[in-house]
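Okay, predicted coordinates and the sequence, questions at the end:
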Amino acid sequence: MQSSMRGNLGFGLGLRVEHYQQVLGERPAVDWFEVISENYMVDGGKPLHYLYKIREHYPLVMHGVSMSIGSTQPLNIEYLQQLKALINRVEPEWISDHLCWTGVHGRNLHDLMPLPYTEETVRHVAGRVRQVQDYLGRQMLLENVSSYVSYQASEMTEWEFLAAVVEQADCMILLDVNNIYVSSHNHEFNPLDFLAGVPVNRVQQFHLAGHSYNGELIIDTHDHDVADPVWELYRQAVKRFGNVATMIERDDNIPPLEELIEELEIARQIAGDVREAAA
Amino acid sequence: MSGLTKIQTDFQSYVLEGGDDALQHVVGSARGSAEQRLDVYYQAYRLRLLEVIGSNYPGLKGMLSGEEFIAVCYAYIDKYPSTQPSIRWFGSYLADFLEETQADHPHWAEMACFDRVRDKAFDAADVNAVTVERLAGLAANAWSGLRFEFQPSVQKLDLLWNVCDIWRAVRKDEPMPEPELLAERTTVAVWRLDLTVCWRSMPGDEAAALVAAMNNQSFSDVCAGLCDWHDESEVPARGAGILKQWVTDGLIGRLVL
């Protein structure tokens, strides 16, 4: 099995249907793209056509939303077979999914539900990650999710939970900086404590995204520009974790590609500033 | 039941049915009560599935009023919780559901069916279509036993209503025609040519020939079937014309000799 990947891809974007032709036609200055794995688990047609074409020109990473690694129902073998087949076709730099559950009893809620932060859950999730990694023959990344609930049963903080899972599972972390910010607001913790609790050598990728307010809670909607407090938190993340592949997720209210590239430039600037200050 | 299983079972019950056992597991605060926090997931589930139905069933969404569409979708969401990892397949039972529940609007189910087959054609497997040149190059003795493998995207739909006309108007953002029964049951073939989903209606003889050919009948048998529609002397020309049209359309993926 490949191990402890690191190696920085630079600054990437989520590949979205709206930008397929422009990406192929203009080859914009984006270092790499992240694709949603499930969107390409199909037999043929436009999605795979563009995926293969774009793969010829850019590094890709695959990001899943349906592995349901924290669910108490058995791993979905058919899903894993499809994922492995796609990996073999796309040859991504790495693959990721979320530290969450998406359904039980044969149902799928198509959402990223948080887990209770308990020793029982750590053992359960870490065992399943090891199974998946053995089946896929490669390490995977787990992403921290935005959450709107916390559980009475929790015995530790989210960052302690994340650190324990990745150490026991020997997997890597996709650290979503926006999700840390959103959850820190919703659950009233200091986001810097989260950063400080994450093991530096496990962080392989950063996510950045926008969010929205719903009353007193913040919702991880991915339909706005990255907010200023999230940029500030990103600066702190770069200081702690160093040179880590960074990408912006935009899933709704998709703007022109040029706007996303401009936004990505802010991330480059911040990472450059941090690097210079440290030199 | 383990603690984790219990939490997930109760949480899911809240999202799907509003079951309140989940409230005991969740921490509330001034920023949001346990109920408000769980409601974020309850609402998001419905909104997300509503959005995906709208995206995958554009004809149905355009044909119905906003209120009708939301009511139908929410009823479907409650009756058929998603079971697939990919949200894309969530509407698989929608046409059947509309047929069962909307007897006063039979064209709704037909439109959902039309949207569905278009959606399936969109990302069906890629196969290079047989060309007219390939067909023309067949040896004379190959024709009698000739069979066809159709493109994986090819599907056939029998319609009683003018849903294709309505769909076209929705797509072009033009005034929609009133829903009307067609003069007779009409077969529509749907397929993908390169990356574009295509469809066209077929006359009865061609539709019967398509059914026969998709059922692996030989070209000779397909032509024999055309005798039900035409004088025997006209069948060879009609059979050749139909086959040429299928090849020109890109329906045939392989000639089986």
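Right, received. Where do you want to start? Numbers count the residues shown, from 1 in each chain, chains lettered A, B, ... in the order given.

CA only for contacts and neighbour counts going forward, please
OK.

what packs against the lowest-mean-pLDDT helix or strand in chain B?
Ranked by mean pLDDT, DSSP states H and E, the weakest helix or strand in chain B is helix B:132-136, scoring a mean of 92. Counting contacts by 3 or more CA pairs under 8 Å, 6 or more residues apart in numbering or on different chains; DSSP states H and E, helix B:132-136 is packed against helix B:235-249.

Return the helix it packs on as PDB; C-alpha atoms alone will do.
Output of helix B:235-249 as PDB, limited to C-alpha atoms (Å, rounded to 0.1, in the frame of the first residue of the first chain):
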ATOM      1  CA  VAL B 235     -41.300  -5.100 -48.000                       C
ATOM      2  CA  PRO B 236     -37.700  -5.400 -49.200                       C
ATOM      3  CA  ALA B 237     -37.500  -1.700 -50.000                       C
ATOM      4  CA  ARG B 238     -39.200  -0.700 -46.800                       C
ATOM      5  CA  GLY B 239     -37.000  -3.000 -44.700                       C
ATOM      6  CA  ALA B 240     -33.900  -1.600 -46.300                       C
ATOM      7  CA  GLY B 241     -35.100   1.900 -45.800                       C
ATOM      8  CA  ILE B 242     -35.800   1.300 -42.100                       C
ATOM      9  CA  LEU B 243     -32.400  -0.300 -41.600                       C
ATOM     10  CA  LYS B 244     -30.600   2.600 -43.400                       C
ATOM     11  CA  GLN B 245     -32.400   5.000 -41.200                       C
ATOM     12  CA  TRP B 246     -31.400   3.200 -38.000                       C
ATOM     13  CA  VAL B 247     -27.800   3.200 -39.100                       C
ATOM     14  CA  THR B 248     -27.900   6.900 -40.100                       C
ATOM     15  CA  ASP B 249     -29.400   7.700 -36.700                       C
END
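
Identify all contacting residues around that helix.
B:129-132, B:193, B:206, B:222-224, B:226-227, B:252 (CA atoms under 8 Å, 6 or more residues apart in numbering or on different chains).

any idea which of the residues you listed is closest to chain A?
Nearest to chain A, judged by CA to the nearest CA, of the contacts of helix B:235-249 is residue B:193 at 9.5 Å.

How many residues are close by residue 64?
Just going to use chain A. Counted with other CA atoms under 10 Å in any protein chain shown, the neighbours of residue A:64 add up to 17.

wait, chain B
So residue B:64, with other CA under 10 Å, has 13 neighbours.

Would you quantify the distance from it to residue B:169?
From residue B:64 across to residue B:169, the span is 13 Å (CA to CA, to the nearest Å).

partner strands of the longest strand anywhere in chain B, parallel or antiparallel?
If you go by DSSP state E, chain B has its longest strand at strand B:181-193. Here strand B:181-193 is paired, per DSSP bridges, with strand B:155-161 (antiparallel), strand B:196-202 (antiparallel).

which one of the ones you listed is the most hemmed in?
Stretch with highest mean neighbour count among those: strand B:155-161 (a mean of 18; mean count of other CA atoms under 10 Å in any protein chain shown).

pull the CA atoms of stretch B:3-13 into PDB?
Extracted C-alpha coordinates of stretch B:3-13, given in PDB (Å, rounded to 0.1, in the frame of the first residue of the first chain):
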ATOM      1  CA  GLY B   3     -24.800   3.200  21.200                       C
ATOM      2  CA  LEU B   4     -23.700   4.200  17.700                       C
ATOM      3  CA  THR B   5     -26.400   2.100  16.100                       C
ATOM      4  CA  LYS B   6     -29.100   3.600  18.300                       C
ATOM      5  CA  ILE B   7     -28.000   7.200  17.600                       C
ATOM      6  CA  GLN B   8     -27.900   6.600  13.800                       C
ATOM      7  CA  THR B   9     -31.200   4.800  13.800                       C
ATOM      8  CA  ASP B  10     -32.900   7.600  15.800                       C
ATOM      9  CA  PHE B  11     -31.300  10.300  13.800                       C
ATOM     10  CA  GLN B  12     -32.400   8.800  10.500                       C
ATOM     11  CA  SER B  13     -35.900   8.300  11.800                       C
END
